[in-house]
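Engineer: Quick one: sequence and predicted model below, then my questions.
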Amino acid sequence: MAANSIERMGLLSVLCVSLFFSSTFAVDRGSFKTCDQSSFCKRQRTLKPGQSPYRALLDTLELSDSRLTLQLINDNNKVHLLLELYRLQGNMTRVKINELKPLKPRFEVPDVLIADPPTEPLSVLSQDDNGLVLSLGAESQRLIVSARPFRLDIMEGPEVLLSLNSRGLLAFEHLRLRKDTQAQPDGAEVKESTEADQQQAEGEKDEDGENDKDEDGLWDESFKAHADTKPNGPTSISLDFSLPGVEHVYGIPEHADNLKLKTTDGGDPYRLYNLDVFQYELYNPMALYGSVPVMIAHNTQRTMGIFWLNAAETWVDISSNTAGKTVFGKMLDFVQGSSETPQTDVRWISESGIIDVFIMLGPKPSDVFSQYASLTGTQSFPPLASLAYHQCRWNYNDQDDVKSVDEGFDQHDIPYDFIWLDIEHADGKRYFTWDPHKFPEPKEMLQGLMEKRRKMVAIVDPHIKVDSDYKIHNEITNKDFYVKNSDGRNYEGWCWPGNSGYPDFTNPEMRAWWASMFSYDQYEGSMENLFTWNDMNEPSVFNGPEITMHKDAIHGKWEHRDVHNIYGLYVQKATAEGQIQRSGGVERPFVLTRAFFAGSQRYGAVWTGDNAADWGHLKISIPMCLSLGLVGISFCGADVGGFFNNPSTELLVRWYQTGAYQPFFRAHAHLDTTRREPWLFGPENTALIREAIRQRYALLPYWYQLIYQAHTTGMPVMRPLWVDYPKETATFTIDDEFLIGRDLLVHPVTEEGSRGVTAYLPGAGEVWYDVHTFQKHNGAQNLYIPVTLSSIPVFQRGGSIIPRKDRIRRSSACMENDPYTLYVALSPKKFAEGELYIDDGHSFNYDTKSEFIHRKLTFANNSLTSRNLCPDCKFSTSSWVEKVVILGASKPRKVLLKVDGKETPVEFEFDASMSVLTLRKPGINAGMDWTILLQSQRNDL
């Protein structure tokens, strides 16, 4: 044991040195597997498209009100599978495939779906020896089951929307006995021989007919110095999907790549396997910190989604019959009358578990978001302050340093809401503690922040220092809550504290205990303005394979290989529940996580991990967050300035300007970087950074309304242009600009030394207004915009109303009762609409007591009206409307405010050169019903 500890200590030293000097090197790709180095991926990928060995046994069909079941048989090895088909409410279909009689249960992912999805009846329209046709209810949609070979097709009228196993790549590695030992798979019961067992025995060959012992990696494999024992043998699964008419697919984050997914022919598939990858490379399919196995397909006619519910290591292959064709080539096809329909083919490969896939049939983008939200939930509704600016670095040294930084923001008139503490704040990196020398009075520090209406975030990572004097470690040990080695001992690995144990967050009892540790009497020094950051929760294990946990580690009755990608979700879930419980269920939590999975949106925010201070990483933050938004995780951001290395002043300014228009807005930096608080780069640059942050604060009412919309509907906050312009093909590959909601378009400057950018303004017949100059531009055009270092190209859609608070104070809480300015951008038809949402900004009272204001703002027929969208809601506000700015207006003769039948005149100014009408001090409470009437000589505006 001692020798082993010494050996591991040496390994840790090497790893730490490599981490601390990582600022000069890119990621070591050799530390992470390729498909060829992952035996199941390599094995599955050798299977080429062709005739499937699977056929459906139609005489086994059983149909109930909620599902259809049917057996499949692999004619190569005679193994039987069970197919389950469900028609789900909301235009979705669920397909499950498992072994008919597995030697032991196979893992099915829990805790991701918010409930059992409600079903609708399936009905058989026709059946013969070749298959059957099922009705899916809506719009003549049908599900066709072909028997030999097995294949599923979803059709609408004459059109095939999606096909499964059309390329014959269904492959299901069944549990089996190992021939050389006849040992049982781990946890399997010894059963009497049955016909099914004989089929299993006949199936000792894999899908290609090769014998187990003739192929490496079936029962064990190694990567570098790490061995992976596989007591259950090969258990991987694969299924292909064909999407006729589709050229553009998106999603499956997290990858540092373009928004539109590339084809993977000739390279590695996209990998989904949560890993600690620092200073990651750009534009490749390597796995990163999180995994959401959801793909979105889009064309001008329809948007669809595929949700592959599997938490094991997963690879996704994409091919297309139009890949590599130039625009000229496509035009030539058109001129020559080519009849080839574009098609994208996708293949999912996972190491273990079952096939459990949800097909979301849209047809609109908003329908897919709603469908996915009905399965996995919506974005959590965070405290308003968490949408403001966050200041972080590894590490603020001590309480005096925190106080100095806090005062620096006030001295330079820069608002902020949260200051963050990284791992050095804890006593020897023992989480839930404070360094007694650097942070001797944490409550005094927190109280000082509270008096300025500011908050703090402290890191709490899921690796626990193995130390008999550490209360957290002792309690986890005594309760037997640690992950186990395959031999039953506690799993230990190296992370920031040194030798560490890893709590088994898949255990609900462990999660409940963890949550209890956030109570004020347990987490010494904590207060209600202290929130939490969960880092390293992939989990990161410095001396583990691929810097993560061994796959044969044990979580209860399951191997880590089964649950790997959901571990980080469980950490964030338990932490968020702890914050809720500490307030008696009253206060909303704020928890940032690095690792995530489908459903993580329910528990807080995500950031893009350990990026670098270079222009490429600034640029890639846009498609990375757009991809997350498409799969439900709206609360996304990137480390402003880049975590590794030192940004140039120009890069830092541009990053602030970009980050101010992304949902999660936090500056962060590595321990070895020079200090980069916003005022350290000279007065001119301080002013530029200040202005970017102030723009964020002015728009907080709009951000808050959008995150509420995401919480209630599943619509992404930061979204690609095609979401709101689904028929406009010019938008389908744009990922250097984006929409915030549907009403603000942002094209950040992400090129060094840029003197201009070209933004695409969508919408034929629409207009867009520059939010800084109020200049009007037509839609459906590429607009060249000259830029200086102060420029942030942002446009408001004509036809929208956006509320702002233009009096900027030291924190968002200080602005709570400040007045609103409404920016009304008129469409060519002189129409505009928007919303205003107000609540207390921090509690669950909006949900439990209906304490909120939600108003519809409409400009039509020369009048601006505020109407109550929730008459039964109970909330009041001190905020009032102090100004209305109408863009694209004509000069009125008179402006009148009408409240409760009484009319009073309103002062106004009109800028004829820009067609901007400004109404001053209408003086109405933001929560009231009111109408502003514009009277003109010609009786129109």
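Structural biologist: Sure thing, it's come through.
Engineer: which residues of the stretch 101-250 of the chain score low on pLDDT?
Structural biologist: In the predicted model, the stretch 101-250 of the chain carries pLDDT under 70 at residues 138-139, 181-215.
Engineer: Now do the helices in it.
Structural biologist: All helices of the stretch 101-250 of the chain, identified by DSSP state H, counting those that start in this stretch, fall at 195-202.
Engineer: quick one: the strands in it?
Structural biologist: If you assign secondary structure with DSSP state E, counting those that start in this stretch, the strands in the stretch 101-250 of the chain sit at 119-120, 123-128, 131-135, 141-146, 151-156, 159-164, 171-172, 220-223, 226-229, 237-244, 248-251.
Engineer: and of those strands, who's closest to residue 315?
Structural biologist: Set against residue 315 and scored by Cβ to Cβ, the strands of the stretch 101-250 of the chain come closest in strand 237-244, at 9.1 Å. In this view, the C-beta of every residue, glycine as well, is placed from N, C-alpha and C.
Engineer: residues making contact with the closest one?
Structural biologist: By Cβ atoms under 8 Å, 6 or more residues apart in numbering, the residues outside strand 237-244 that reach it are 44, 47, 49, 97, 159-173, 249, 297, 304, 306, 310, 341-350, 352-355, 357.
Engineer: pretty sure residue 722 is in a helix, no?
Structural biologist: Yes: counting by DSSP: H, G, I helix; E, B strand; the rest coil, residue 722 falls inside a helix.
Engineer: neighbours of it, just the number please.
Structural biologist: Neighbourhood size, residue 722 [other Cβ atoms under 10 Å]: 26.
Engineer: Residue 923: which of the strands of the stretch 101-250 of the chain is closest?
Structural biologist: When these are compared (using Cβ to Cβ), the closest one is strand 248-251, at 46.6 Å.
Engineer: Identify each buried residue in the closest one, please.
Structural biologist: By 16 or more other Cβ atoms under 10 Å, the buried positions in strand 248-251 come out as 248-251.
Engineer: could you say what helices and strands that strand packs with?
Structural biologist: When contacts are defined as 3 or more Cβ pairs under 8 Å, 6 or more residues apart in numbering; DSSP states H and E, strand 248-251 sits against strand 294-298, strand 343-350, helix 615-630.
Engineer: Make TSV out of these and add mean pLDDT.
Structural biologist: Converted to TSV, those look like this (pLDDT from 0 to 100):
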stretch	mean pLDDT
strand 294-298	98
strand 343-350	98
helix 615-630	98
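Engineer: would you list the ones you listed in CSV and tack on mean neighbour count and distance to residue 728?
Structural biologist: Below are the helices and strands packed on strand 248-251 laid out as CSV (neighbours: other Cβ atoms under 10 Å; distance: least, Cβ to Cβ, whole Å):
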stretch, mean neighbour count, distance to residue 728
strand 294-298, 26, 11
strand 343-350, 24, 20
helix 615-630, 25, 16
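Engineer: Please name whichever of the ones you listed is nearest to residue 508.
Structural biologist: Taking Cβ to Cβ as the criterion, residue 508 comes closest to strand 343-350 out of these, the separation being 24.1 Å.
Engineer: Correct me if wrong: residue 588 contacts residue 843.
Structural biologist: Yes: counting by Cβ atoms under 8 Å, residue 588 touches residue 843, with 6.6 Å between them.
Engineer: of these two, who's got more company?
Structural biologist: When residue 588 is set against residue 843 and neighbours are counted by other Cβ under 10 Å, the residue ahead is residue 588, at 23 against 17.
Engineer: Let me know the pLDDT of the residue nearest to that one when sequence neighbours are not counted.
Structural biologist: Using Cβ to Cβ, 6 or more residues apart in numbering and skipping the chain neighbours, the partner closest in space to residue 588 is residue 383 (5.2 Å). The predicted structure scores residue 383 at 98 on the pLDDT scale.
Engineer: So what's the residue count around residue 383?
Structural biologist: 22.
Engineer: Quick check: phi and psi at it.
Structural biologist: Dihedral angles of residue 383 (phi, psi; degrees, to the nearest 10) stand at phi -60, psi 140.
Engineer: give the contact list for it.
Structural biologist: In this structure, residue 383 makes contact with 587-588, 590, 841-842, judged by Cβ under 8 Å, 6+ apart.
Engineer: mind putting those residues in JSON lines, distance to residue 232, pLDDT and secondary structure included?
Structural biologist: Shown next, in JSON lines, are the contacts of residue 383 (distance: Cβ to Cβ, whole Å; pLDDT from 0 to 100; DSSP: H, G, I helix; E, B strand; the rest coil):
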{"residue": "587", "distance to residue 232": "44", "pLDDT": "98", "secondary structure": "strand"}
{"residue": "588", "distance to residue 232": "42", "pLDDT": "98", "secondary structure": "coil"}
{"residue": "590", "distance to residue 232": "40", "pLDDT": "98", "secondary structure": "coil"}
{"residue": "841", "distance to residue 232": "50", "pLDDT": "98", "secondary structure": "coil"}
{"residue": "842", "distance to residue 232": "47", "pLDDT": "98", "secondary structure": "coil"}
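Engineer: Closest to residue 761 out of those residues?
Structural biologist: Of all the contacts of residue 383, the one with the least separation from residue 761 (Cβ to Cβ) is residue 841, at 33.5 Å.
Engineer: Please name the spatially closest residue to the closest one (chain neighbours excluded).
Structural biologist: Counting by Cβ to Cβ, 6+ apart, residue 384 is the residue found nearest to residue 841 once chain neighbours are left out, at 3.7 Å.
Engineer: Backbone dihedrals for that neighbour, please?
Structural biologist: Geometry field for residue 384 lists phi and psi as phi -60, psi -40, criterion degrees, to the nearest 10.
Engineer: quick revisit: let's have the strands of the stretch 101-250 of the chain in TSV, adding distance to residue 898.
Structural biologist: Supplementary listing: the strands of the stretch 101-250 of the chain in TSV, determined by distance: least, Cβ to Cβ, whole Å:
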stretch	distance to residue 898
strand 119-120	48
strand 123-128	56
strand 131-135	54
strand 141-146	49
strand 151-156	49
strand 159-164	51
strand 171-172	68
strand 220-223	73
strand 226-229	73
strand 237-244	53
strand 248-251	47
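Engineer: nearest spatial neighbour of residue 488, skipping sequence neighbours?
Structural biologist: Distances taken as Cβ to Cβ, 6+ apart put residue 554 closest to residue 488, at 7.6 Å, once the chain neighbours are dropped.
Engineer: Could you check how far that neighbour is from residue 314?
Structural biologist: Per Cβ to Cβ, to the nearest Å, residue 554 is found 21 Å from residue 314.
Engineer: Looking at those two now, which is surrounded by more residues?
Structural biologist: Each of residue 554 and residue 314 had its neighbours counted (other Cβ under 10 Å), and the higher figure belongs to residue 314 (26 against 20).
Engineer: thought the more buried one was touching residue 346?
Structural biologist: No: in terms of Cβ under 8 Å, residue 314 does not count as a neighbour of residue 346; the distance is 12.0 Å.
Engineer: Tell me the bridge partners for residue 146.
Structural biologist: With DSSP bridges applied, the residues forming beta bridges to residue 146 are residue 131, residue 151.
Engineer: For it, give me its contacts.
Structural biologist: For residue 146, the contacting residues are 56, 130-131, 152-153, taking Cβ under 8 Å, 6+ apart as the criterion.
Engineer: Please apply the same query to residue 447.
Structural biologist: Contacts were defined as Cβ under 8 Å, 6+ apart; by that measure residue 447 touches residue 527.
Engineer: did I read that right, it in a helix?
Structural biologist: Yes: applying three-state DSSP, one finds residue 447 inside a helix.
Engineer: any idea how far residue 522 is from it?
Structural biologist: When Cβ to Cβ is the yardstick, residue 447 and residue 522 sit 19 Å from each other.
Engineer: Distance from stretch 734-747 to the middle of the chain?
Structural biologist: Relative to its parent chain, stretch 734-747 has a centroid offset of 17 Å by Cα atoms, centre = their mean, to the nearest Å.
Engineer: whoops, stretch 309-320 was the one
Structural biologist: Centre to centre, stretch against its chain (Cα atoms, centre = their mean), the figure for stretch 309-320 is 17 Å.
Engineer: just for this structure, where's the confidence low?
Structural biologist: Along the chain, the model assigns pLDDT under 70 to residues 1-25, 138-139, 181-215, 323-339, 937-941.
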